[in-house]
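J.: let's see this in three dimensions:
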Amino acid sequence: MKKHYISIFSMAASFVLLSFASHAQGLIPDDNIPGVMIAEGYNIELGIDGLNYPSNITIGNGTIWITEAGFPGVPPTVKEITLNGDNPGMATVILSPAMLPIGTLLPPFTDITFRNGRIWLSHRQVGANEWPLGAVSHFDPADPAGTFMTVIANLPSAGDHSNNTILFGPDGKGYISIGSATNSGVVGSDNVFSWVENAPGFRDMAPVDITFAPNSFTARVPTSLDLDSNAVTAAYRPFDTGAETSEYAVAAATPSDPQDGIIAGSGAVYSFDPTASNVMASLTLECWGLRNAFGLAFDPGDATRLFISNNGSDLRGQAGDPNDPLNPDTYVLQGNRPIAGDYDEMFEISVGGDVEFFGWPDYFHDPETNEPLSVADAVFCNSEILTPADCAEPLFAESFANTLVVENAFASVGPFVSVTGFSPSTSSAFGFENNLFVTESGAFAPQTGTFEFTGYKVSRFDHMTGEKSDFVVNSGTTADELLLPEKMNKPVSTIFMGDVMLIVDLGVLEPGLSIFGSGTGKVWIVSNSAPVGINEIHGENEIQLGQIFPNPATTSFQVDLYIDSPSEVHLFLLDEYGRMVKNIYNGRLTN
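T.: From the prediction side, this is the model:
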């Protein structure tokens, strides 16, 4: 058993108790929810159920609101909810599309956040060219329909991915993440099946001026717009507009120079001034080259560090045999530019610095080193589905590519896990302060080109090293096991409320397997059950605190901490009322 010396200075006069918590890295079965594993020392319980595909949550003035994303036949909503622990809470609709003029509110509702008495909402609405484009609006929760105001419109969100998280930073700015229109830069048959008919002419929009090499892609399978499967499309061009036989330039979409009415680029993060008289005109590019930039969060300990979650590119297709949908031998490849081996990742930017570039659609990252690799690397064509003719080549002209610096990833999350929202711990009582609690909503097999189930968990990332640990995991291995309605199914976002973490759970949903479960969305409450007082700790779990020296003490003292095995240690000073006076130590100690 190893001894560690911990000295405490500037001690509060009201000291009576040291509180210590140690959290093992392993998972244990939760005693409330069968089939769910959780980090030892933590509990998970149901806060509310019966929701329709909830996507995000916010808290303000003692009230909790949640968005329901919206799916065919199930309209998106904003609801006020209560969380009652053992007695699941109540939900009341405060805003839905029917309350506003037609076209003002379209799904998906991807994010909601409370700021200065107003709720900010990330959604779609009818925009330029009658396309369903991205928008940011806000309203007073006391009168949502009467105060509803759209402040940013015509974001490039008519394709595969939408405008996602809205975040307000310590610098007073707002930030928004925007996904790409396509899987890998080219509109293909997979997009025709999902959105091209609703937004003809839409495609990926450039965040900066880009020069492309000559390229063309022929559709892989017949569609309603291309019965003979002979449509030819080039990168960042509308479907079936022909080949590009020489280098060509695509101008950046900006508020001052819109492209087809669109004011921003795809696969990027922008900042804006929420107090400006024209919020839309203040939109400023922060970083680009992200396939589906989703979650955003600042490091609470360093306001210059902004973390971003990103969904990697994939193969794109569908099951060839509906009776055996996870059989790779019958898989039908639909995407024009399939990519294998691109992991979901976490990125980090320095706010206020130069615009940073993360690679998409021509560079991805090594999951071991987090360093960039060209799309032409063999790892991105390593799949039983692909032939050598399917292997992707760079789209950018060499002269343009040579001007770019591709940043490393901060951390690799995993393949096909669908990383979504996340939050840092802001509570010493909960533990792991500043670490990122990241949701992985699950594989969406087989459309993405995977035939097994990955994700379905909340992971914890060390905010300094990027080291990943599982925190709450649905331990199922089949669709039937993973999608039991009483379990945590597809977590999509986290938020901290005091000393507990809330997990928003999309519920039962696997579109590729035709599994839809409206009314199965939930919010889970995770709490730390580990803190104990000094008189309770001796002899427990081979962890001991020694005697305080000197005792009594007035300004400082030393205490010996003994541990038998490597542990995550949280030591803090409490007054006689149980209030934290000083956060003494947070970190990992080895024996």
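J.: ok, which stretches of the stretch 51-200 of the chain are strands?
T.: 54-60, 63-68, 77-81, 91-95, 106-115, 118-126, 132-139, 149-155, 163-168, 174-178 (DSSP state E, counting those that start in this stretch).
J.: take the ones you listed and write them to CSV, including mean neighbour count, mean pLDDT and distance to Val500.
T.: The C-beta positions use only the backbone N, C-alpha and C, and glycine is treated the same way. Below are those laid out as CSV (neighbours: other C-beta atoms under 10 Å; pLDDT from 0 to 100; distance: least, C-beta to C-beta, whole Å):
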stretch, mean neighbour count, mean pLDDT, distance to Val500
strand 54-60, 22, 97, 11
strand 63-68, 23, 98, 12
strand 77-81, 21, 98, 15
strand 91-95, 18, 97, 19
strand 106-115, 23, 98, 18
strand 118-126, 23, 98, 22
strand 132-139, 23, 98, 27
strand 149-155, 20, 98, 32
strand 163-168, 24, 98, 21
strand 174-178, 27, 98, 25
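J.: distance to Ile525 added to those, as TSV?
T.: Below are the strands of the stretch 51-200 of the chain laid out as TSV (distance: least, C-beta to C-beta, whole Å):
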stretch	distance to Ile525
strand 54-60	12
strand 63-68	11
strand 77-81	12
strand 91-95	15
strand 106-115	19
strand 118-126	22
strand 132-139	27
strand 149-155	33
strand 163-168	22
strand 174-178	26
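J.: next, count neighbours for Glu481.
T.: Residues contacting Glu481 under the criterion other C-beta atoms under 10 Å number 14.
J.: coming back round to it: what's the closest of the strands of the stretch 51-200 of the chain to Ala378?
T.: With C-beta to C-beta as the criterion, Ala378 lies closest to strand 174-178 of those, at 30.5 Å.
J.: tilt between that closest one and strand 149-155?
T.: Strand 174-178 and strand 149-155 are oriented at 40 degrees to each other (axes from the mean of the first three to the mean of the last three C-alpha atoms, to 10 degrees).
J.: before we move on, back to that, quick one: closest of the strands of the stretch 51-200 of the chain to Ala397.
T.: Within the strands of the stretch 51-200 of the chain, the stretch nearest Ala397 is strand 174-178; the backing value is 24.0 Å (C-beta to C-beta).
J.: residues in contact with the most centrally placed residue in the chain?
T.: Centroid-nearest residue in the chain, with C-alpha atoms, centre = their mean: Thr420, separated by 2.3 Å. Thr420 is in contact with Phe294, Gly295, Ser309, Thr439, Glu440, Ser441, Pro491, Val492, Ser493, counting by C-beta atoms under 8 Å, 6 or more residues apart in numbering.
J.: show residues contacting stretch 218-233.
T.: With contact meaning C-beta under 8 Å, 6+ apart, stretch 218-233 is reached by 186-189, 192-193, 196-197, 216-217, 239-243, 332-336.
J.: name only those of the residues you listed that count as buried.
T.: Neighbour counting by 16 or more other C-beta atoms under 10 Å classes 186-189, 192-193, 196, 217, 239-240, 333-336 among the contacts of stretch 218-233 as buried.
J.: ok so, going back, so where does the residue nearest to the centre of the chain fall, helix or strand?
T.: Following DSSP states H and E, one finds Thr420 within strand 419-424.
J.: adjacent strands (with direction) for that strand?
T.: Here strand 419-424 is paired, per DSSP bridges, with strand 436-440 (antiparallel).
J.: where do the strands sit along the stretch 401-550 of the chain?
T.: Under DSSP E, counting those that start in this stretch, the stretch 401-550 of the chain gives strands at 411-414, 419-424, 436-440, 457-461, 468-474, 491-497, 500-505, 508-510, 515-517, 521-528, 532-533, 543-549.
J.: which residues does Thr67 bridge with?
T.: Judged by DSSP bridges, the bridge partners of Thr67 are Asn56, Val78.
J.: can you pull the contacts of it?
T.: 54-57, 76-79, 109-112, 121.
J.: and the pLDDT for the residue nearest to the centre of the chain?
T.: Looking at Thr420, its pLDDT reads 97.
J.: how far away is it from Met346?
T.: Distance, Thr420 to Met346, by C-beta to C-beta, to the nearest Å: 12 Å.
J.: kindly report the same for Val523.
T.: From Val523 to Met346 the distance is 24 Å (C-beta to C-beta).
J.: again with Pro322
T.: 35 Å.
J.: ok, these two, which is more surrounded?
T.: Met346 (25 against 10).
J.: what comes up buried for the one helix or strand that one maps to?
T.: When elements are assigned from DSSP H and E, Met346 belongs to strand 344-350. The neighbour-count check on strand 344-350 (16+ other C-beta under 10 Å) flags Asp344, Glu345, Met346, Phe347, Glu348, Ile349 as buried.
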